[in-house]
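Enquirer: show me the folded form of this:
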Amino acid sequence: MRDYIVRATAAGAQIRAFAATTRNLVEKAREAHDTSPVMTAALGRLLTAGAMMGVMLKGEKDLLTLQIRGDGPGRGLTVTADSLGRVKGYPLVPDVILPANSLGKLDVSGAMGPGILSVIRDMGMREPYVGQTPLQTGEIAEDLTYYFATSEQTPSSVGLGVLMERDNTVKQAGGFIIQLMPNTEEEVISRLEKNLSEVSSVTTMLEAGNTPEQILQILLEGLGVEFTDTMETDFVCGCDKSRVEKALISIGESELQEMIDEGKEIEVNCQFCNRHYLFSVEELDALRIKAQKARLKS
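Expert: Model (predicted):
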């Protein structure tokens, strides 16, 4: 199944909902960062949430960043998404190994530990919007549910899941976000709560062969779900050597000269996709000259 996101409304637009299947993009992230199973699950959940929250943005140039910083061995995650379904991210510590939790599941909460969830929306204004809440469980879905309720005053239900194969590749990944609009009727809320209480995990629904559309039909049964949009989603990093060159130029002549004086090539890694870019001494000298010209023009 290809990775995609569906958007829907229900109960006469009293509810808005999103669901996604993201196995391929989570597997791309696992390969890029060589993550352990528990960190694949953690990063995969946040990537899935980021993809769905990204398509909530209005402008094509708007960007969303989700950041977790915790006291657990995983230390944290960063995910960036745009309004077109493109998402990327990285773990601070990719190779954490932990025993299963009390339910026999990957211990994402233990990997994250106590900490802070930050949601940053850059919509081209002078300052980005930043919302922060303490991690409630470290399981990520519950933390985002709490964030929406407290920071954005939007009652929500978030479900996220990543299921691993025995060879530690990704078998299933996906999620949903369901949100109540202002003045939602009590009977609508009661029916939604009943539906949510009866469903199993996201990965169980995906393993049973359910598509994102079918997942929302299950969650919103009896509430008149109407699908409004379908968007592809993918793990995409826009880095290339020219962008890395600009970053090197921005650090200034003296720092570049120090690299040149060492007399050997340097390697620059992209945090988001783990690509490696090599620069020879001659290339560094050319960048130093560009940095010098830029300084003289300013």
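
Enquirer: quick one, helices of this structure?
Expert: With DSSP state H as the criterion, the chain has helices at 23-33, 37-54, 108-112, 141-151, 186-198, 202-207, 212-219, 241-250, 253-261, 281-297.

Enquirer: single out the most deeply packed of the ones you listed.
Expert: helix 37-54 (a mean of 28; mean count of other C-beta atoms under 10 Å). Using the backbone N, CA and C atoms, a C-beta is placed for each residue, glycine as well.

Enquirer: rewinding a little: the helices of the chain into JSON lines, with extra columns for distance to Ala173 and mean pLDDT?
Expert: Compiled in JSON lines, the helices of the chain are given as follows (distance: least, C-beta to C-beta, whole Å; pLDDT from 0 to 100):
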{"stretch": "helix 23-33", "distance to Ala173": "4", "mean pLDDT": "98"}
{"stretch": "helix 37-54", "distance to Ala173": "5", "mean pLDDT": "98"}
{"stretch": "helix 108-112", "distance to Ala173": "13", "mean pLDDT": "97"}
{"stretch": "helix 141-151", "distance to Ala173": "13", "mean pLDDT": "97"}
{"stretch": "helix 186-198", "distance to Ala173": "20", "mean pLDDT": "97"}
{"stretch": "helix 202-207", "distance to Ala173": "8", "mean pLDDT": "96"}
{"stretch": "helix 212-219", "distance to Ala173": "12", "mean pLDDT": "98"}
{"stretch": "helix 241-250", "distance to Ala173": "28", "mean pLDDT": "90"}
{"stretch": "helix 253-261", "distance to Ala173": "40", "mean pLDDT": "91"}
{"stretch": "helix 281-297", "distance to Ala173": "39", "mean pLDDT": "89"}
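
Enquirer: now those in a markdown table, with distance to Val6?
Expert: Shown next, in a markdown table, are the helices of the chain (distance: least, C-beta to C-beta, whole Å):
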| stretch | distance to Val6 |
| --- | --- |
| helix 23-33 | 15 |
| helix 37-54 | 10 |
| helix 108-112 | 25 |
| helix 141-151 | 18 |
| helix 186-198 | 17 |
| helix 202-207 | 14 |
| helix 212-219 | 5 |
| helix 241-250 | 33 |
| helix 253-261 | 47 |
| helix 281-297 | 45 |
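
Enquirer: closest to Cys270 out of those?
Expert: Smallest distance to Cys270 across the helices of the chain (C-beta to C-beta): 7.5 Å, for helix 241-250.

Enquirer: Pro114 and Asp71 touch, don't they?
Expert: Yes. Counting by C-beta atoms under 8 Å, Pro114 touches Asp71, with 5.2 Å between them.

Enquirer: and the helices of the chain: which comes nearest Ile5?
Expert: Across the helices of the chain, Ile5 has its closest neighbour in helix 37-54 (5.8 Å, C-beta to C-beta).

Enquirer: burial count for Ser102?
Expert: Using other C-beta atoms under 10 Å, Ser102 has 6 neighbouring residues.

Enquirer: ditto for the one 5 residues further on
Expert: Per other C-beta under 10 Å, the neighbour tally for Asp107 reads 23.

Enquirer: nearest to Asp82, of the helices of the chain?
Expert: Per C-beta to C-beta, nearest to Asp82 of these: helix 37-54, 5.5 Å.

Enquirer: report the angle between that closest one and helix 23-33.
Expert: 130 degrees (axes from the mean of the first three to the mean of the last three C-alpha atoms, to 10 degrees).

Enquirer: list the contacts of the residue nearest the centre of the chain.
Expert: With the centre of the chain defined as its mean C-alpha position, the nearest residue by C-alpha atoms, centre = their mean is Leu47, 2.6 Å away. When contacts are counted by C-beta atoms under 8 Å, 6 or more residues apart in numbering, Leu47 touches Thr22, Leu25, Val26, Ala29, Val79, Val87, Gly89, Phe235.

Enquirer: hmm, back to that, nearest to Leu163, of the helices of the chain?
Expert: Short answer: helix 202-207, nearest of the helices of the chain by C-beta to C-beta, at 4.0 Å.

Enquirer: re earlier: quick check, nearest of the contacts of Leu47 to Ser157?
Expert: Thr22 (18.0 Å).
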